[in-house]
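Q: Sharing a model prediction with you, sequence too.
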2 protein chains.
Amino acid sequence: MKAKWVAAGLAMAIGGGHALGAFAQAKPETLIRQRQAVMTLHGKYFFPLVALSQGKLTYDAGIAARNAGFLEALSQMPWDGFTPDTQAEKSRALPAIYANPSKFKAAQDNYRGAVGKLVGASKNEAAFKAATGDVLKACNACHDDFRGR
Amino acid sequence: MKAKWVAAGLAMAIGGGHALGAFAQAKPETLIRQRQAVMTLHGKYFFPLVALSQGKLTYDAGIAARNAGFLEALSQMPWDGFTPDTQAEKSRALPAIYANPSKFKAAQDNYRGAVGKLVGASKNEAAFKAATGDVLKACNACHDDFRGR
């Protein structure tokens, strides 16, 4: 069982190639599952921050810093999963991702920048509230252009 | 659409309560989806490290450090999703998790410790290989005791 688990993972990681670039050769359905997993975890760690920023939960600098740190890692993870060969699979990703890659990249950079500021702001309640609002705007801006319903 | 997205997330985050502890009141199926998402992402970032450590991919200190850093964040994420009310849902989580919580906690700590050492070792190839082997052992030890097939 152990050997099978590792072997399956290696096949996934190595794909058909032999170099680091081959990471992108994972199957399209695997890439979609992985990027959707990142979005699921954004929900887990971002929505409580929205609740904190809106006063629906009591502000807690420790929770804010922890979740912001997790978001910083998560905010780097989805993008390499948006490869052209995933377009044939069912997902909410819109064709605009592939039609306008530089705009998609700019939306990613905008989002990552907002998360970076949130990390720096998480220990000050007023700064945290403003930064959370900016992250939410960056989420929505990208979803509006690149995610279907 | 934006408002709906945020509202759904807030309901998930806040659950039936009003305090931070209410994070654990997300629905069992949500908790399972979140913890499975973490495991999916472990696959994305850990299996390439196994391939690097086995020489199946050329060692790259930058990739090793990046993936180890992501694993450090991921290694903290699954555990609060193993709440007793998730036992009624279909998953591979074994009853031993709830029958022997201190042993499950020890397995988590063992795993997180191994990942912490990997983060420190990722820039030295020999140390990285040893540390990756230790992480794999920690994965398997926990899966053997607490994950079904």
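A: Nice, thanks for sending it over.
Q: so where do the helices sit in chain A?
A: For chain A, the helices defined by DSSP state H cover A:2-14, A:28-53, A:61-74, A:96-99, A:101-121, A:125-146.
Q: Residue A:28 and chain B, how far apart?
A: 14 Å (CB to the nearest CB, to the nearest Å). (C-beta placed from N, C-alpha, C; glycine too.)
Q: if I pick that residue, what's in contact with it?
A: Residue A:28 is in contact with A:83, A:85-86, A:88-89, counting by CB atoms under 8 Å, 6 or more residues apart in numbering or on different chains.
Q: Next, count neighbours for the nearest residue to it once chain neighbours are set aside.
A: Excluding its sequence neighbours, the residue lying closest to residue A:28 (CB to CB, 6 or more residues apart in numbering or on different chains) is residue A:86, at 4.3 Å. By the criterion of other CB atoms under 10 Å in any protein chain shown, residue A:86 has 20 neighbours.
Q: remind me which residues of chain A are low pLDDT?
A: A:1-24 (pLDDT under 70).
Q: Give me the subset of the contacts of residue A:28 lying in strands.
A: With DSSP state E as the criterion, strands contain none of the contacts of residue A:28.
Q: filter those to the buried ones?
A: For those, a burial check counting by 16 or more other CB atoms under 10 Å in any protein chain shown picks out residue A:86.
Q: Could you export the contacts of residue A:28 as JSON lines, including distance to residue A:47?
A: What follows is those, written out as JSON lines (distance: CB to CB, whole Å):
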{"residue": "A:83", "distance to residue A:47": "28"}
{"residue": "A:85", "distance to residue A:47": "31"}
{"residue": "A:86", "distance to residue A:47": "26"}
{"residue": "A:88", "distance to residue A:47": "31"}
{"residue": "A:89", "distance to residue A:47": "27"}
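Q: Now flag whichever of the contacts of residue A:28 is closest to residue A:108.
A: residue A:83 (14.5 Å; CB to CB).
Q: Verify the stated contact: the closest one with residue A:30.
A: No. Residue A:83 is beyond contact range of residue A:30, at 10.8 Å (criterion: CB atoms under 8 Å).
Q: ok, back up a step: hang on, the residue nearest to residue A:28 packs against residue A:93?
A: Yes. Using CB under 8 Å, residue A:86 is in contact with residue A:93, at 7.1 Å.
Q: mind checking how far residue A:73 is from residue A:45?
A: For residue A:73, the distance to residue A:45 equals 10 Å [CB to CB, to the nearest Å].
Q: Tell me who's in contact with residue A:82.
A: By CB under 8 Å, 6+ apart, the residues touching residue A:82 are A:31, A:35, A:93, A:97-98, A:104.
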